[in-house]
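Novice: Take a look and give me a structure for this.
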Amino acid sequence: MPPKIDTEVEKQLKALWKAIGDIEKRLKFVEDRGKVLADSLTSPKDLEKLMDVHIDKMVREQKDTMKATERRMEIQEKLYGAQEKQWKKEAEKLSKEGEKQAKEAMKEFEKQRLDARLTTLEAIVAKLGK
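Specialist: Have a look, this model is predicted:
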């Protein structure tokens, strides 16, 4: 026959098991929420920070499980994609600025050319007037 457990101790054990279950549920929810938030990141800096966090976690655990490796690779790909988008935006911005400067230079050149023609015409008119 098993020994009798005090009802007060039994109540405390049940409360502890319930608390552990609640904590496990909250932990799972927080982990899932963290994954959703991480998947919504697009900034290269934020993705780099997230990558550092995962690397630090892997070092601490000293286990490179398949899931951790896959997750790291997903984040790495996302980081490269975000960096590529940023580089394309910067290249497009520089290209537009270069085109704008080229247009301005052409306008200035055309203005100088017209000014030179006007000066020449004024000189011819001045000669004819004498």
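Novice: From residue 14, how far out is the residue nearest the centre of the chain?
Specialist: A centroid search over the chain (CA atoms, centre = their mean) returns residue 43, at 1.3 Å, as the residue closest to the centre. Distance, residue 43 to residue 14, by CB to CB, to the nearest Å: 47 Å. Using the backbone N, CA and C atoms, a C-beta is placed for each residue, glycine as well.
Novice: returning to that earlier point: okay, and the residue nearest to the residue nearest to the centre of the chain when sequence neighbours are not counted sits in which element?
Specialist: With sequence-adjacent residues excluded and distances taken as CB to CB, 6 or more residues apart in numbering, residue 43 is closest to residue 82, at 6.7 Å. Taking DSSP states H and E as the criterion, residue 82 maps to helix 66-129.
Novice: Kindly report the same for residue 51.
Specialist: Per DSSP H and E: helix 44-61 holds residue 51.
Novice: mind checking which helix or strand of this protein has the lowest mean pLDDT?
Specialist: Confidence across the helices and strands of the chain bottoms out at helix 44-61, with a mean of 81, counting by mean pLDDT, DSSP states H and E.
Novice: What helices and strands are in contact with that helix?
Specialist: If you count contacts as 3 or more CB pairs under 8 Å, 6 or more residues apart in numbering; DSSP states H and E, helix 44-61 packs onto helix 66-129.
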